[in-house]
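# everything below, folded, please.
(one chain, ligands or ions: 1)
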Amino acid sequence: MFITLEGIDGCGKSTQARLLAAALKHAGRDVLLLREPGGVAISEKIRGLLLDPENAAMCDACELLLYEAARAQLVHEVIRPALAQDRVVVCDRFYDSTTAYQAFAGGSTREDADRANALAVGDCRPDVTFVFDIDPEKAAVRREGRNDAPDRMEEKGLEFQQCVAEGFRTIAREEPQRVRTIDASQPVDAVFACMLAELAHAGLAVDAADARAALLQPEA
Ligand code: TMP
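The predicted model follows:
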């Protein structure tokens, strides 16, 4: 099974991805937790280029193609082989991020983003996608709580994040079977419970003891 987690910056999806992977591992599943852009050496190098604030001059096409290059390598090197071995793949972001960030909020067209996504992933598409929906102003406050400097994408500001959030809402309306929206303004354990309930609907049940074990694990 291939599960992806999506949302604006500061929505809490990386914490949820970690919890989900921990709960599934505790339940005895063979799980692979990945992030995008990144996840393998070449894609992590591309991530460095994409997020470096010094690359402020990066044009829209360069940005779109770099995200896709990182994705193509991750799919080829890790995701496709893992799914072929019946592993559960949990990926923190995937192609919906390109649709929301580069097309809805950025300067690429939806058509270009769709075509580039298709080129990078082929038929390797998520079974379930969670969109963590939160007011961009609340997410900005969460991000301010972190002590790292904003990256090139975060520097694009609040209005950009509002367009990204709208993009994710549109994607969720377009594909209600695959994409489940979760209210991410709730406390971490409540968000986690909602995600697990949705996952059970999709055919992957995690029992309460495994969920509790994940919540009790110290952050890696
Ligand atoms: P992260 O902070 O969730 O690791 O993601 C890195 C940044 O890259 C985040 O601001 C979202 C952005 N991004 C895109 O703009 N397009 C994409 O396709 C992906 C995967 C991420």
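
# how close does the closest residue in space to Ile42 that isn't next to it in sequence sit to Arg125?
Distance criterion CB to CB, 6 or more residues apart in numbering; nearest residue to Ile42, sequence neighbours excluded, is Gln73 at 4.7 Å. Every residue, glycine included, has its C-beta placed from N, CA and C. The spacing between Gln73 and Arg125, counted by CB to CB, to the nearest Å, is 17 Å.

# more neighbours: the two, which one.
Gln73 (21 against 14; other CB atoms under 10 Å).

# nearest spatial neighbour of the residue sitting nearest the centre point of the chain, chain-adjacent residues omitted?
Computing the C-alpha centroid of the chain and ranking residues by CA atoms, centre = their mean puts Arg93 first, at 1.9 Å. Leaving aside its chain neighbours, Arg93 sits nearest to Glu36 (4.1 Å; criterion: CB to CB, 6+ apart).

# pLDDT score for that neighbour?
Note for Glu36: predicted pLDDT of 98.

# does it touch Ala72 like I think?
No. Between Glu36 and Ala72 there is no contact under CB atoms under 8 Å: 11.2 Å.

# give me the more crowded residue out of the two.
Set Glu36 next to Ala72 and count neighbours by other CB under 10 Å: Glu36 wins out with 22 against 19.

# in the helix-or-strand element of the chain with minimal mean pLDDT, what's buried?
For the chain, using mean pLDDT, DSSP states H and E, the weakest element among its helices and strands is helix 136-144, scoring a mean of 89. Residues Pro136, Ala139, Ala140, Arg143 are the ones in helix 136-144 that count as buried (16 or more other CB atoms under 10 Å).

# ok, so of those, who is nearest the ligand?
Arg143 (9.6 Å; CB to the nearest ligand atom).

# and that closest one, how far from Val206?
Taking CB to CB, one finds Arg143 at 29 Å from Val206.

# got the contact list for Ala214?
Leu19, Leu20, Ala22, Ala23, His26, Phe192 (CB atoms under 8 Å, 6 or more residues apart in numbering).

# among these, which ones are in strands?
Applying DSSP state E to the contacts of Ala214, no entry is found in strands.

# from the residues you listed, which land in helices?
Counting by DSSP state H, the contacts of Ala214 place Leu19, Leu20, Ala22, Ala23, His26, Phe192 in helices.

# out of those, which two sit at the greatest distance?
His26 and Phe192 (13.1 Å; CB to CB).

# of these two, who's got more company?
Phe192 (22 against 18).

# need the contact list for Ala70.
Per CB under 8 Å, 6+ apart, neighbours of Ala70: Glu36, Pro37, Gly38, Ile42, Ser43, Ile46, Arg47, Leu50.

# which ones are touching Pro136?
Counting by CB under 8 Å, 6+ apart, Pro136 has contacts Ile8, Leu158, Gln161, Gln162, Val164, Ala165.

# can you flag the buried ones in the residues you listed?
Buried among the contacts of Pro136 (16+ other CB under 10 Å): Ile8, Gln161, Val164, Ala165.
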